[in-house]
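Asks: Give me a 3D structure for the following:
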Amino acid sequence: MQSFRTEIENPVVERDIIELADKIAQFNNLQIDEEKFRSLRLARGVYGQRQEGVQMIRIKLPYGKVKSNQLRRISEVSDEYSRGRLHITTRQDIQIHYVDLQRTPELWAELERDDVTLREACGNVVRNVTASETAGIDVDEPFDVSPYADALYKFFLRNPICQEMGRKFKVSFSSTDKDTGLSYLHDLGYIAKIENGVRGFKVMVAGGLGSQPRHAEVLYDFLPSDKIIPVMEGVLRVFDRYGERKSRAKARMKFLLKDIGLEAFKNLIEEEQKAIEFKTVVIDAASYVPSEPVYVEAPQVEIKDQAAFNLWKSTNLIPQKQKGYVAIGIKVLLGDFYTDKARLLADLVDTYAAGEIRLTLRQNIVIPFVKEDLVPLFYQELEKLGFVEAGYNKAVDITACPGTDTCNLGIASSTGIAVELEKVIAAEYPQYLKNEDLVIKISGCMNACGQHNMANIGFQGMTVRTPDKLVAPALQVLLGGGNLGNGNALFADKVVKVPSKRGPEALRRILNDYEANANGKEFVDYYKEKGEKYFYDFLNDLQDVTNLTQEDFIDWGEADKYVKEIGIGECAGVVIDLIATLFLESDEKIENAKEAFGNGVYSGAIYYAYQSIVNSAKASLLAANKKTNTHASIISQFDEEFISSGKIDLGTSFAELIYQINKFAPTAEFAEKYINDAGSFLQKVRAFREVETSVAQ
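Replies: Here you go, the predicted structure:
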């Protein structure tokens, strides 16, 4: 542990890392169970992977911005603790795989030397805050959303109100009405607007993908920028209290809003305002320091293949609002690249650009602030790295999750079929190299990490079973999804399910029909005009599983016969704890509350006390074999089971005790009283439990 203390200057980060190391030791010594340990490590970016004995590490990179020194640091860590491969996710994170659990605290400490964190990259927390990769350079943006995304990320990192929610919570920022941040599929999505000279956002709420995609609803048509943090705090408080906790499949924000309705949801947010310390949070965008380009003379460069260079320029250059500059889009196949290239890329942007890269939602890289006269040089240098494939963000640029390569939940190979489909488009449909309108995405399972159900053409990993009970890898073909802009979108329809080896033929038929019958329409309009039945009819024969060959039982990119293997998913990190463990957690939360109170953070102290109270009530209900689906149901059931029956006397109802949290402002006086209430409540329920246990014995 000593090395963490000497190398990490931030005491909060130091404590985080030491805590992870201590919990690993406790887990190894069988002092905490696997479920409890899973919850803690997930919130610190340590995720179990398909292969036994190793972990996937998710590195949290807010709004996809990575400075050159950070990229070098991530590369060093990947070389030392992993295998030198970096994977860009559809949430602008970087993942590295095959990491020894015992070395994760040391790995984290190394990353923090360049302000790179793992904290809350996984688990039931606010995940990475994503944003349009062109934020700050977009020719159409009303203003740069980066300072607002940055402020929101920092405000909620380690914030006690969002550390132990029922499920993960995802937030995005879009620079323009094109909604490139995909607000409609997020728990909260912000689209930049200006009204009467005031900066603000259109706010979308409760979108999501997964097996039941749901289009987000408009929470506010316009919300001034100084309200985005208070509103999000209210939303998180409501989600924490009323969100499902028992059934993982129903625990996302989209299900809560569907159940209670938008108006009731708004009322609950309003009720929380008394408890929120900061009614407005002014974000000083002027103090946000963006990266600045260097000024260098353009060296003479000889381009050997002018035709390839011109093609690349036509597909991979992004206009920039800063005069004399462009951004360069790098198409990264499946989001995977290696540390040797990463280091050279860091050197390149340090010397000739602004010392940063951006990671994109389509698993690519953007280099901003490239002087126009340096474009030939960048092409030459990127060509040495294999980074000049044409077709950035075009139809040939297919998004795919890791699938069965490393993910516990993967059913079929996403990466294998993605490579094959890109080959088909490049070889047989070269005209799509410049097509920006056609979006193809692939996920290895229903959880939609590859965002397949928002694509024009989507594929989801599944299985099919033959009449004689043999199992083969398969793909659900989805059609008609698309981003319409300004928070509006369409989700794709499930049309047919075909054996995986027929995926390329399905794509050919779709593209051939599109070529013949679209008459210039975009894919979403063409699909809407034709209708689902039309596509089902000409793809239906591909569903036949009575005539499969031996090849059909081998998945793309594999050599062996397919075997369906699904592990335990960890995206939600749902934890069902022992009663004694819950009481111990309540003790810990009271200590956290006292520490926050001592530091003058009264709102945090109050929320820790609230967590202790609801935790203690949950333990009591579990001991009585009662369900505990939501915090709200815990509160009502505790009154029914223990207060109304006279088993426990609080001198008031449990609801009145605990709901003080949204009745009073977060003052020092109230915080002190509420912490004392939490301690007194814990003593009473623990004493009742001891009596019940002794009687039973």
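
Asks: quick one: low-confidence parts of the chain?
Replies: 1-8, 405-406, 408-410, 562-578, 694-697 (pLDDT under 70).

Asks: 80 - rerun?
Replies: The model of the chain has pLDDT under 80 over residues 1-9, 33-36, 39, 49-50, 52-53, 403-412, 436, 559-581, 693-697.

Asks: Can you pull the domain assignment for it?
Replies: 2-112, 137-287, 306-384, 399-553, 579-696 (automatic domain parsing).

Asks: Determine how far the last residue of the third one lies from the first.
Replies: Which is domain 306-384. Distance across domain 306-384, first residue to last, is 16 Å (C-alpha to C-alpha, to the nearest Å).

Asks: before we move on, back to that, include distance to residue 561 and mean neighbour count when you put the domains of the chain into TSV, please.
Replies: All C-beta spots, glycine's among them, are computed from the backbone N, C-alpha and C. Formatted as TSV, these follow (distance: least, C-beta to C-beta, whole Å; neighbours: other C-beta atoms under 10 Å):
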stretch	distance to residue 561	mean neighbour count
domain 2-112	18	19
domain 137-287	27	20
domain 306-384	24	19
domain 399-553	5	19
domain 579-696	42	18
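
Asks: Neighbours of residue 300, how many?
Replies: Number of residues near residue 300 (other C-beta atoms under 10 Å) recorded here: 7.

Asks: picking that back up, turn the domains of the chain into JSON lines, columns for distance to residue 293.
Replies: Shown next, in JSON lines, are the domains of the chain (distance: least, C-beta to C-beta, whole Å):
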{"stretch": "domain 2-112", "distance to residue 293": "13"}
{"stretch": "domain 137-287", "distance to residue 293": "11"}
{"stretch": "domain 306-384", "distance to residue 293": "4"}
{"stretch": "domain 399-553", "distance to residue 293": "26"}
{"stretch": "domain 579-696", "distance to residue 293": "39"}
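
Asks: closest to residue 296 out of the ones you listed?
Replies: Closest to residue 296 of those, according to C-beta to C-beta: domain 306-384, at 6.0 Å.

Asks: hang on, residue 291 in a helix?
Replies: No - per DSSP: H, G, I helix; E, B strand; the rest coil, residue 291 lies outside any helix segment and is coil.

Asks: For it, the count of nearby residues, please.
Replies: Other residues near residue 291 come to 17 when the count uses other C-beta under 10 Å.

Asks: I'd say it and residue 354 touch.
Replies: Yes - at 3.9 Å, residue 291 and residue 354 qualify as touching, with contact defined as C-beta atoms under 8 Å.

Asks: so what's in contact with these two at the same time?
Replies: Shared contacts of residue 291 and residue 354 (C-beta atoms under 8 Å, 6 or more residues apart in numbering): 368-369.

Asks: can you give me the helices in the stretch 1-150 of the chain?
Replies: Ranges of helices within the stretch 1-150 of the chain are 2-7, 11-28, 34-42, 68-81, 104-112, 146-156, based on DSSP state H, counting those that start in this stretch.

Asks: Show me which helix runs longest in this structure.
Replies: In the chain, assigned by DSSP state H, the helix with the most residues is helix 668-696.

Asks: Would you tell me which of the domains of the chain gets closest to residue 299?
Replies: Among these, domain 306-384 sits nearest to residue 299 (C-beta to C-beta), with 6.1 Å.

Asks: Check the offset of the closest one from the chain's centre.
Replies: 25 Å (C-alpha atoms, centre = their mean, to the nearest Å).

Asks: again with stretch 110-121
Replies: On the basis of C-alpha atoms, centre = their mean, stretch 110-121 sits 16 Å off its chain's mean C-alpha point.

Asks: So which bits of it are buried?
Replies: Neighbour counts over stretch 110-121 (16 or more other C-beta atoms under 10 Å) mark 110-112, 114, 116-121 as buried.

Asks: Mind putting the residues you listed into TSV with distance to residue 327?
Replies: Below are the buried residues of stretch 110-121 laid out as TSV (distance: C-beta to C-beta, whole Å):
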residue	distance to residue 327
110	30
111	26
112	29
114	23
116	23
117	26
118	28
119	29
120	29
121	26
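
Asks: Just the closest of those residues to residue 693, please.
Replies: Using C-beta to C-beta, residue 120 is the member of the buried residues of stretch 110-121 that lies nearest residue 693, at 36.4 Å.

Asks: That closest one contacts residue 127, doesn't it?
Replies: Yes - using C-beta under 8 Å, residue 120 makes contact with residue 127 at a distance of 6.9 Å.

Asks: what's near enough to touch residue 32?
Replies: Neighbour list for residue 32: 23, 26, 581 [criterion: C-beta under 8 Å, 6+ apart].
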